[in-house]
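**Student:** coords please:
(one chain, ligands or ions: 2)
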Amino acid sequence: MIRVSVVGAKGRMGATVVDAVKNAPDTELAKALDAGDDLTQITPENTDVVVEFTVPAASLDNVLALVNQGVNVVVGTTGWTDEKLARVKEALASHPDVSVFIAPNFAISTVLAENFAAQAAKYFESVEIVEMHHPNKVDAPSGTAIHTAHAIAAARKDAGMGPIPDNTQTDGGSRGQVVDGIHVHAVRLRGLNAHEEVLFGNPGEQLVLRADSFDRSSFMPGVLLAVRHAGENPGTVTVGLDNYLDL
Ligand SMILES: NC(=O)c1ccc[n+]([C@@H]2O[C@H](COP(=O)([O-])OP(=O)(O)OC[C@H]3O[C@@H](n4cnc5c(N)ncnc54)[C@H](O)[C@@H]3O)[C@@H](O)[C@H]2O)c1
Ligand SMILES: O=C(O)C1=N[C@H](C(=O)O)CCC1
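**Tutor:** Ligands and ions are numbered 1, 2, ... in the order given. Predicted structure coming up:
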């Protein structure tokens, strides 16, 4: 049995992970901790891997503490930047037996949509991203949309494409946030969970890639997949569930 601890266990995602870990045939719950709890309770003696779903402001410190305690970490919290990733790599250099895995999105549909978007990117002049989430979400744009924008921008750059055409002369904020040259629009609407559309355009044609997570259960197969792979690449940080899919 894989012994899994959950940090952020009282949150929407953390509580769903606790149930998934209890119900999977090959995992068992070790510790379930939330804000204010002492993370030093989690040790390699009681835990094989920690799943961390908290808030962007707390996640880096949690991951650093857990790495320093010698346990593998699977992270779903958003807000990761190159600077934060560099801090994790630095910590792993002193703990070469530990691995960290971060996924902006654990839903298979969304991971596939992002992969398809990266493939489509070089064939379309225009692209914009619309992400739509429940109104309790604290960050915008979503970590997934930022990750998708970077993947599309990298594919456009590899293909030697120039800037996306846009003759907007005045913008009162209505064109969204520009991430790596790509406009990203965030919708917060009661009734939604987590949804993303990537709109591609050429003269006379459009391609729309859309992924919908209607329920948090959509993330659990991906979380369990990452848990089962935890520790495979010790001393490294891996980003993206696509690393564990046959794409
Ligand atoms: N990767 C994915 O597939 C995926 C899916 C859904 C949500 N998310 C992300 O996961 C994060 C959590 O989302 P949520 O909807 O569960 O949020 P939430 O607000 O419901 O839960 C966050 C939990 O973290 C706890 N917390 C806050 N600070 C803490 C700390 N320092 N130590 C321990 N626990 C702490 C809070 O008390 C709360 O219980 C967000 O960043 C969200 O964007 C990622
Ligand atoms: O509900 C959330 O919050 C989600 N956050 C992630 C993001 O910001 O991309 C993944 C989807 C759900």
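**Student:** Check the chain and tell me which residue is nearest its centre.
**Tutor:** Closest to where the C-alpha atoms of the chain average out (C-alpha atoms, centre = their mean) is P104, at 0.7 Å.
**Student:** Provide the contact partners of stretch 160-175 at residue level.
**Tutor:** When contacts are defined by C-beta atoms under 8 Å, 6 or more residues apart in numbering, stretch 160-175 is touched by residues 122, 125-127, 181-183. The C-beta positions use only the backbone N, C-alpha and C, and glycine is treated the same way.
**Student:** which among those gets closest to ligand 1?
**Tutor:** I182 (19.6 Å; C-beta to the nearest ligand atom).
**Student:** Surely the closest one and E128 touch.
**Tutor:** Yes. I182 is in contact with E128 according to C-beta atoms under 8 Å; the separation is 6.8 Å.
**Student:** These two - which one has more neighbours?
**Tutor:** For I182 versus E128, the count of surrounding residues by other C-beta atoms under 10 Å is larger for I182: 24 against 19.
**Student:** Quick check on the more buried one: phi, psi?
**Tutor:** phi -120, psi 130 (degrees, to the nearest 10).
**Student:** tell me the contacts of it?
**Tutor:** Applying C-beta under 8 Å, 6+ apart, the residues contacting I182 are 127-129, 149, 152-153, 164.
**Student:** which of the residues you listed sit farthest apart?
**Tutor:** For the contacts of I182, the farthest-apart pair by C-beta to C-beta is E128 and A153; their separation is 12.4 Å.
**Student:** Among the contacts of stretch 160-175, which lie within strands?
**Tutor:** Using DSSP state E, the subset of the contacts of stretch 160-175 located in strands is 126-127, 182-183.
**Student:** For ligand 2, tell me which of those show up nearby.
**Tutor:** With C-beta under 6 Å from any ligand atom as the criterion, those include none near ligand 2.
**Student:** Mind giving me the ChimeraX command for buried ones among the residues you listed?
**Tutor:** Selection of the buried residues among the ones in strands among the contacts of stretch 160-175 in ChimeraX, burial being defined by 16 or more other C-beta atoms under 10 Å:
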select :127,182,183
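**Student:** any chance of the ones in strands among the contacts of stretch 160-175 in JSON lines, with pLDDT and distance to L189 too?
**Tutor:** Listed next are the ones in strands among the contacts of stretch 160-175 as JSON lines, based on pLDDT from 0 to 100; distance: C-beta to C-beta, whole Å:
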{"residue": "S126", "pLDDT": "98", "distance to L189": "25"}
{"residue": "V127", "pLDDT": "98", "distance to L189": "23"}
{"residue": "I182", "pLDDT": "98", "distance to L189": "22"}
{"residue": "H183", "pLDDT": "98", "distance to L189": "19"}
